[in-house]
Structure formats: C-alpha cells, structure tokens
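# below are the sequence and a predicted model for it; my questions follow.
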Amino acid sequence: FSSAKELRGRAEMLPSGPRWMSQTIPTMHPTKSPVVLYWHDPLDCVSSLLNHPAFHDELDFTPHRVYTTVQRLCHVYSEWMTSDDAWNMQSALPRGATLLRTILSSDKTNISTMTGDRVAHPLLVSLANIRMSTQLKSSSNAFVLTALLPVPKFIHKNKCMRGVLEDRLIHECLDIVLRPLKLAAREGIMLSDPVGHSRYCFTPLVSYIVDTPEAMMLAAVGGKTSPVTTAMYKQFGDPFRHQPRTGATTLSQLDIARSKADPNDIEAFFREAQKFRLNGVNAPFWLDWLLSDPSHFLTPEFLHLIHREFYDHDAKWLICAVGHTEIDFRFSVLQVITGFCHFYGGISKLKQVTGCTQCDIQRSIIAVSADAVSNTVMTAI
C-alpha cells in the first residue's frame, strides 16, 4: 500500500466478525429511559470460535474417560470432555453429531462513569470444547462478547417489584439473544471446524459462569435459596445433600403459581411464587433449551465459592483461634519465596485482597496454624 486510504481499503476487505444488532424492548411498566438491547448473533460468535485457526489443535470433540490404573478404580475428571454429562449428552444426540458445549458468562458492569452512569450485563460466550489451558489465557480471546443486556430503572412504587421487573427483563433479553442457540440445540446446524470439515453441531448450555446473586436470578429462585438444590438458608447446615433443583421442578412450581395468579399482575404472582421461594420470573430463558438444566449449567465459580469463601470464613476463624498478633508474627517470619506474596505485616489487617493473595494465604495458613489450635478445628478447616 502507498497511502492510509489504500491500507484502510485492504483492511475492510478482510472477513468481518459478527455484526451488532439492536432492538428496543417494549415493557408493560414504565422506565426512566427506553430499553435497548444490543447483541451479536450467538451462532456467528460460536462459529468464529469453532473455525478459528488458533484453536486448531485445542479443540476436543469426543467424550472420553481417564483412569489412573488399568483396573479403572479411580476416575480422573479434568477437561469437560471427561465428565459424565458429556457422555450423557452425546448419547442423546444422533449418531455422528458433534456436541458444541456452550459456556456463557455475565456480570453487572458499569460501562460509563460520570457520563450518565450506564450499567449493563455484558454477556460472553465460549465453547467447553476448547481445552482449559488455552481457554484460561486472556490472550487467547476464547470468550466473545455476545450482548449487552440492559439494566433499566423501572418506575414502580414498590422497590421489590422493581427488582422483579428487572429480573424478568433479563430473562426476556436472554431469550431473544440465545434463540438461535436453542434452535441449534434442538434441530442441529452445519458448521465448519478449523480444518474446513463440516460438522452437524448441537449447542446445549453446559455452564453459565456468574456470581451467587445472579445464579439465583437465572435459576428463578428468591434470596437465601440455593440455585442448584431445593435447600433454603435454614437448611444450609444439614449434613446431607438436598435434592437438585431441576428445571422440571421449577417449571412445575411456576405452573401452580400461574394457576392461582396472573403473571401480568406482578404483585399477586410474586406472592404465589414466594410460597415456593421463587423470585417472580414467570418465563425463565432456559425453559425450552434442550439438554440444558440449571442444576447442571450453574457451575461453581471458583473465585467466590472457594477462594472468597475461604478468606471470609475459614481464615477469619483461624485468626480468632490463633490470635491476631500471633498469626501475624508467624506469617511475617516465613521465608520469602520468589513469585509468591510475602506478608511482612501479617494477614489480620489486609484490605481489598485479590484472588492471587487469597491463594498465597491458603498455601501457608495450615502449616502456620497447625500447633496453635486443636486437632478438631484444624480438621474442620
């Protein structure tokens, strides 16, 4: 090229990515501003991941089982393709079909500051077929932005009902955006892989990565209720596992609530839904998505459910048991190791701790506290 104009012309000749679409969502209750949904066709996003040359050697299409010995006594679970769900889903598909396991992720995010205070739910999509070592690298771009789910401000005298309306709108927008993936999960679609082979693909939802409040919203359950089991907060300490909250269970409870109250009368319907500890959403986005169940696709999110839980509870218990001064001294005299955080001032007064710091505390806290607490406390930790 000999000019900037010629360079731009050549750049525009390259294959384009998924194109943005927009739609104004009508609402039965007034909002402070129009509700506009922006999204890509999720099938275009999935296709761009499937045929991306960088993932040529990083895609798994066949479920497999891994054992530690020839006798098959210990089953090793690592990649999603080694899971039982992968085998069960593959056996439910036609012979020769390819299972494209869809991963979604979203979190409420501020998209503008001091210029309107705009908030949205960015919705990302990826494939569980991509190996974890590649998918976890941010530089691999294994997650593609699919939609910006709106978070409007409803005008309603009851604050609780405003929350119900927001939850319903999120489900309605997810239903609009993900409709092509639902159709592909039910009927299949022909897509091309990185080497140019056409595959008859099905796209069930296998994981939706969210924090706990959003998981409850997506499962259509109310506060202080497990999104994946039938347990409520008073039963969280039970020494047994409660029955899974399957999609069929939630839908049957919604049918009962609909028979007693009109879903358009949100206050009456919410009162009926509360009897089953539901949040008032009358049409969950996953109700017609084949092979997709909230008790399976709402997978644990490690940062909050493991690392944050440890720091908020287990670490605080040990700090109280050992003593603030003593545990701070023990951490301060640990040998400095390159690549790991060293706590010169201890851990009892740390603020705004990141996930990496929490992991570094986990590596040492058992050994540091072993002789300062009873065996029963250490066993519980």
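Perfect, thanks for sending it.

# on the three-state scheme, the nearest residue to Asn264 once chain neighbours are set aside is what?
Closest residue to Asn264 apart from its sequence neighbours, by C-beta to C-beta, 6 or more residues apart in numbering: Met28 at 6.8 Å. For the C-beta atoms, the positions are set from N, CA and C on the backbone; glycine is no exception. Classification of Met28 using DSSP: H, G, I helix; E, B strand; the rest coil returns coil.

# pLDDT score assigned to Met28?
Note for Met28: predicted pLDDT of 87.

# that one: neighbour count?
Met28 has 8 neighbours, counted by other C-beta atoms under 10 Å.

# so who does Arg245 touch?
Contact analysis of Arg245 by C-beta atoms under 8 Å, 6 or more residues apart in numbering lists 219, 221, 226-230, 294-295.

# gap between it and Ser140?
Here the criterion is C-beta to C-beta, to the nearest Å. By it, Arg245 lies 34 Å from Ser140.

# please identify the buried residues of the lengthiest strand in the chain?
Longest strand in the chain, counting residues (DSSP state E): strand 119-127. By 16 or more other C-beta atoms under 10 Å, the buried positions in strand 119-127 come out as 120-127.

# secondary structure element for the nearest residue in space to Gly17 that is not next to it in sequence?
Spatially, and ignoring its direct neighbours in sequence, Gly17 is nearest to Ser48 (6.3 Å; C-beta to C-beta, 6+ apart). In the assignment (DSSP states H and E), Ser48 maps to helix 42-50.

# and that helix, which residues are buried?
In terms of neighbour count (16+ other C-beta under 10 Å), helix 42-50 has its buried residues at 42-50.

# where do the helices of the stretch 251-381 of the chain begin and end?
Ranges of helices within the stretch 251-381 of the chain are 266-274, 294-297, 302, 309, 315-322, 324-332, 355-369, 375-380, based on DSSP state H, counting those that start in this stretch.

# gap between the very next helix or strand once past the second one and the chain center?
Put plainly, it is helix 294-297. Note on helix 294-297: by DSSP H and E, the next helix or strand toward the C-terminus is helix 302. Centre-to-centre, helix 302 and its host chain are 10 Å apart (C-alpha atoms, centre = their mean, to the nearest Å).

# from here on, count from 566
Will do, 566 is the new start, and the previous item becomes helix 867.

# and Ala693, how far from Tyr773?
12 Å.

# list the residues that contact both of these two?
Ile668.

# now the closest residue to Leu658 other than its chain neighbours, what are its backbone angles?
Distance criterion C-beta to C-beta, 6+ apart; nearest residue to Leu658, sequence neighbours excluded, is Phe767 at 5.5 Å. Dihedral pair for Phe767: phi -120, psi 140, per degrees, to the nearest 10.

# neighbours around Phe767, how many?
25.

# these two touch, right, it and Thr667?
No: using C-beta atoms under 8 Å, Phe767 is not in contact with Thr667, being 9.8 Å away.

# contacts only, for Ser587.
601-604.

# before we move on, what about Leu664?
Contacts of Leu664 (C-beta under 8 Å, 6+ apart): 626, 628, 651, 654-655, 658, 694, 766-767, 769.

# swap the cut-off to 10 Å and go again
626-628, 646, 651, 654-655, 657-658, 693-694, 750, 764, 766-769, 771, 856 (C-beta atoms under 10 Å, 6 or more residues apart in numbering).

# Ser763 now?
Per C-beta under 10 Å, 6+ apart, neighbours of Ser763: 663, 755-757.

# what is the nearest of the residues you listed to Asn675?
Leu756 (35.0 Å; C-beta to C-beta).

# report the secondary structure element holding the closest one.
Assigned by DSSP H and E, Leu756 falls in strand 754-757.

# select the longest helix from this protein.
Among the segments of the chain that qualify as a helix by DSSP state H, the longest is helix 724-752.

# which members of the contacts of Leu664 are classed as buried?
Buried among those by 16+ other C-beta under 10 Å: 628, 646, 651, 654-655, 658, 693-694, 750, 764, 766-769, 771, 856.

# circling back to that earlier point, which strands or helices does the longest strand of the chain pack on?
strand 601-604, helix 607-615, strand 667-671, strand 674-675, strand 709-715, helix 724-752, strand 770-774 (3 or more C-beta pairs under 10 Å, 6 or more residues apart in numbering; DSSP states H and E).

# partners of it in the sheet?
strand 667-671 (antiparallel), strand 674-675 (antiparallel), strand 709-715 (antiparallel) (DSSP bridges).

# distance to Leu579, mean pLDDT and mean neighbour count added to these, as TSV?
Output for the strands paired with strand 684-692, formatted as TSV (distance: least, C-beta to C-beta, whole Å; pLDDT from 0 to 100; neighbours: other C-beta atoms under 10 Å):
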stretch	distance to Leu579	mean pLDDT	mean neighbour count
strand 667-671	27	94	22
strand 674-675	29	77	10
strand 709-715	17	93	22
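
# select, out of these, the one closest to Lys597.
strand 709-715 (11.8 Å).

# to the chain's geometric centre, what's the distance from that closest one?
With C-alpha atoms, centre = their mean, you get 14 Å for strand 709-715.

# angle of that strand against helix 607-615?
Here the directions of strand 709-715 and helix 607-615 differ by 150 degrees (axes from the mean of the first three to the mean of the last three C-alpha atoms, to 10 degrees).

# ok, back up a step: contacting residues for the residue nearest to Gly582?
580, 582-583, 605, 690, 706, 709.

# tell me the pLDDT of it.
pLDDT at Ser613 comes out at 91.

# just Gly582 next, same as before
pLDDT, Gly582: 77.

# surely it is in a helix?
No: Gly582 is assigned coil when assessed by three-state DSSP, not a helix.

# hmm, Leu614 and it touching each other?
No: taking C-beta atoms under 10 Å as the definition, Gly582 is not a contact partner of Leu614, at 11.1 Å.

# thinking again about what came up before, just the buried residues of helix 607-615 now: which is nearest Ala826?
Of the buried residues of helix 607-615, the one sitting nearest to Ala826 (C-beta to C-beta) turns out to be Pro607, at 33.3 Å.
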